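> The following comprises the amino acid sequence and a computationally predicted model.
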Amino acid sequence: MDKNEFSRARFLLGKTQTQMAELLRSSAKAVQSYEQGWRSIPAHVERQVLFLLVMKQGKKAPNSMLGCSKNVLWKSGAIVQPGI
């Protein structure tokens, strides 16, 4: 997950940086750093963000999505996996 995907995910969740930090049990500074590209996004944060997006959509997370965000695209505010 890159900084743009992280920012887009936060936007789709409708959260402020502070609210996102609370959901991720992190600091607002860490969220800001992820979005600015100052810090790389740890795998556990990426998994949590993907989980939150899936839960917001009311779907059960398929195993193939967990830890595999490079195959996940955001299209019209929805999570789409190529080939599905």
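That came in fine, so what should we check first?
> all helices for the protein, in order.
Under the criterion DSSP state H, the chain contains helices at 3-13, 17-24, 28-36, 43-57.
> Next, the angle from the third one to helix 43-57.
To tie it back to what came earlier, the one meant is helix 28-36. For helix 28-36 against helix 43-57, the angle by axes from the mean of the first three to the mean of the last three C-alpha atoms, to 10 degrees is 90 degrees.
> Same question for the shortest one.
An angle of 100 degrees separates the directions of helix 17-24 and helix 43-57 when computed by the same axes, to 10 degrees.
> Could you pull out the buried residues of helix 17-24?
17, 20, 21, 24 (16 or more other C-beta atoms under 10 Å). Any C-beta I mention is one placed from the backbone N, CA and C, and that applies to glycine too.
> Out of the helices and strands in this structure, which is least certain?
Sorting the helices and strands of the chain by mean pLDDT, DSSP states H and E puts strand 73-75 at the bottom, at a mean of 48.
> Tell me the span between the first and last residue of stretch 30-41.
The stretch stretch 30-41 measures 9 Å between its terminal residues, going by C-alpha to C-alpha, to the nearest Å.
> and it, what's its mean pLDDT?
Stretch 30-41 shows a mean pLDDT of 96.
> swap in stretch 57-65?
Stretch 57-65 comes out at a mean pLDDT of 57.
> Verify the stated contact: residue 41 with residue 1.
Yes: using C-beta atoms under 8 Å, residue 41 is in contact with residue 1, at 5.1 Å.
> Thanks a lot, catch you later.
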